[in-house]
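K.L.:
what's the 3D shape of this:
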Amino acid sequence: MDKNTKSRIYLLVLMIAIFVVWKYREAQPKEVYVKGMTMGTIGYNIKYLDAQNRNFKKEIDSLLRDFNQALSTYIPDSEISIFNQKGDIQFSSPYFYQVLEASRKVNAESEGAFDPTIGLLIDAWGFGDGKTLRLDSVQVDSLQSLIGFEKIEYNQSGAKKLIPEVKLNFSAIAKGQAIDVVADWLSSIGINNYMVEIGGEVRAKGRNLEGTLWKIGIEVPDETRLGGLFDAVYLDNQGLAASGNYRIFRILDNGTKVAHTIDPITGFPKMQTLLSATVLAPSCMLADGYATACMVMGLEKSISLIENDPTLEAYLIYADEKGDLITYVSPGLKEKIIGDS
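P.N.:
Model (predicted):
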């Protein structure tokens, strides 16, 4: 074989090698980052791996608009607004029935600590319509008679009130559900590695661009240090939601701080040593609901709930008698804490 033939063969092999590498790189997944706003002023951040590098912002925004049209209490003609105004509704989307089913499950397992029929109390304490009232026990007792999951009935087609005054509010679970809607849609089109975050709550599946599980931070429960991280965990095909009274509260005319977590059983805001509850569940909707329930139930009952449900994990932050921060980490979550030995 002469020198020229060898050169041509070498050049051909080199070109083939370059082509193979190029095709390999072209087929590798690329990280796509989509961000925007939903539910009025809540930001969302979504990352997913896609070899075609497709941007689905238009489709995601459309999904979230449809979702808000079902469950936003700030949209006058949303499904939930119509239900609250008229007392019954035939569902035009799947979302209302889904959130009612999830709410019933959390309500039952938390022994009523989570209840979406507390819409009137949310408004009365100033966390719904923006008006702050100074309620006394008599007023609260009056509103309590209008609260309870048994005061509505529903099936897959629609829902109706059994007492006209009942008002539903899914603010403690709907954000998680919105995340599930986007996550499930991504899975349905073949996107199997993603992280969907809306307002600090997250659902993740698969791996990130580095090939590791998605890392999610747990925030310091301190209103003066919002955004500071207390710890971080790996999320493995789960939803994660956190609830805490350090972010959302009202100051009454007499200077009293009122937590946004309303106890459906007593009718009063819940302020206690449990400062934040981060819950991991198979869906973000359930994680959202259980996180709220934990803030109502308190530390000991929350631990019992979590440890008796194999589908749940939790990271609870509470204060001891000296005011020092203490953590409870459920057994199955310990191995997912980043840096944990």
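K.L.:
show the average pLDDT along the helix or strand encompassing residue 61.
P.N.:
Secondary structure from DSSP states H and E places residue 61 in helix 57-71. Per-residue pLDDT values across helix 57-71 average out to 97.
K.L.:
quick one: buried residues of the helix or strand that that helix is followed by?
P.N.:
Moving toward the C-terminus from helix 57-71, the first helix or strand encountered (DSSP H and E) is helix 79-86. Using 16 or more other Cβ atoms under 10 Å as the burial criterion, the residues of helix 79-86 that qualify are 79, 80, 81, 82, 83, 84. From N, CA and C alone the C-beta is placed, and that goes for glycine too.
K.L.:
tell me the pLDDT of residue 318.
P.N.:
Residue 318 is assigned a predicted lDDT (pLDDT) of 88.
K.L.:
now for it, how many residues are close by?
P.N.:
Neighbour count for residue 318, taken as other Cβ atoms under 10 Å: 19.
K.L.:
so it sits against residue 324, correct?
P.N.:
No. With contact defined as Cβ atoms under 8 Å, residue 318 does not reach residue 324; the gap is 9.8 Å.
K.L.:
which residues sit in contact with the most centrally placed residue in the chain?
P.N.:
Closest residue to the average C-alpha location of the chain: residue 176 at 2.8 Å, with Cα atoms, centre = their mean. Taking Cβ atoms under 8 Å, 6 or more residues apart in numbering as the definition of contact, the neighbours of residue 176 are 201, 239, 241, 283, 284, 285, 286, 287, 288, 289.
K.L.:
now it: closest residue in space that isn't a chain neighbour?
P.N.:
Counting by Cβ to Cβ, 6 or more residues apart in numbering, residue 176 lies nearest to residue 288, which is 2.9 Å off, once chain neighbours are set aside.
K.L.:
ok, now which ones touch that neighbour?
P.N.:
If a contact means Cβ under 8 Å, 6+ apart, then residue 288 has 172, 173, 174, 175, 176, 177, 201, 239, 241, 243 as its contacts.
K.L.:
which of the residues you listed ranks first by neighbour count?
P.N.:
Using other Cβ under 10 Å as the neighbour criterion, residue 176 leads the contacts of residue 288 with 32 neighbours.
K.L.:
so is residue 231 in a helix, a strand, or just coil?
P.N.:
At residue 231, secondary structure determined by DSSP: H, G, I helix; E, B strand; the rest coil is strand.
K.L.:
which helix or strand contains the nearest residue to it once chain neighbours are set aside?
P.N.:
Residue nearest to residue 231 in three dimensions, not counting chain neighbours: residue 218, with 4.6 Å by Cβ to Cβ, 6+ apart. According to DSSP H and E, residue 218 maps onto strand 214-219.
K.L.:
do residue 241 as well
P.N.:
Assigned by DSSP H and E, residue 241 belongs to strand 238-244.
K.L.:
got it, and residue 46?
P.N.:
Here residue 46 is covered by strand 42-50, with elements defined by DSSP H and E.
K.L.:
now do that strand: distance to the chain's middle.
P.N.:
Computed by Cα atoms, centre = their mean, to the nearest Å, the separation of strand 42-50 from the middle of its chain amounts to 14 Å.
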